[in-house]
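K.L.:
only geometry, no sequence info:
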């Protein structure tokens, strides 16, 4: 399928698909005219990449997650577990900061009502 169809079916813009390919996250064959030709499996892969970037995962983590698809080695799973442990820690810090900010805004609004 061409990039337009992949974009339509996956919900990912052609620009993002080109970016994913540029960074080795997606692959496509090239026809003699230079057009990209994607196979069916790239629909789910593009959706997955898009979802992971939407959750603010870094390109390295996305690459590691993708490496764990299918018959991945134990080393790939271990590398992903290490990266996700750091992501989880970072998320806990962000949640704490957001919770504090939420409380401060609530306190401010409560004072304004008095």
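P.N.:
Structure received. Model, not experiment: these values are computed from the prediction. Residues are numbered from 1 along each chain as shown.

K.L.:
name the helices or strands packed onto the lowest-mean-pLDDT helix or strand in the chain?
P.N.:
Sorted by mean pLDDT, DSSP states H and E, the helices and strands of the chain end with helix 59-67, the least confident at a mean of 88. The contact analysis (3 or more C-beta pairs under 8 Å, 6 or more residues apart in numbering; DSSP states H and E) places helix 59-67 against helix 41-54, helix 74-113. Quick note: C-beta positions are derived from backbone N, CA and C, even for glycine.

K.L.:
Show the average pLDDT along the last one.
P.N.:
Within the predicted structure, the mean pLDDT of helix 74-113 is 91.

K.L.:
name the helices or strands packed onto that helix?
P.N.:
Applying 3+ C-beta pairs under 8 Å, 6+ apart, we find helix 74-113 packed against helix 59-67.

K.L.:
How about the shortest one?
P.N.:
Judged by 3+ C-beta pairs under 8 Å, 6+ apart, helix 41-54 is in contact with helix 3-10, helix 14-22, helix 59-67.

K.L.:
for those, which one sits closest to residue 91?
P.N.:
When the helices and strands packed on helix 41-54 are compared by C-beta to C-beta, helix 59-67 sits nearest residue 91, at 12.2 Å.

K.L.:
what's the angle from the closest one to helix 41-54?
P.N.:
Going by axes from the mean of the first three to the mean of the last three C-alpha atoms, to 10 degrees, helix 59-67 is angled at 140 degrees with respect to helix 41-54.

K.L.:
now the angle from helix 59-67 to helix 74-113?
P.N.:
Using the same axes, to 10 degrees: helix 59-67 against helix 74-113 is 130 degrees.

K.L.:
Next, the buried residues of helix 59-67.
P.N.:
Using 16 or more other C-beta atoms under 10 Å as the burial criterion, the residues of helix 59-67 that qualify are 61, 62, 63, 64, 65, 66.

K.L.:
any chance of the helices and strands packed on helix 59-67 in a markdown table, with mean neighbour count too?
P.N.:
As requested, the helices and strands packed on helix 59-67 are exported to a markdown table (neighbours: other C-beta atoms under 10 Å):
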| stretch | mean neighbour count |
| --- | --- |
| helix 41-54 | 17 |
| helix 74-113 | 11 |
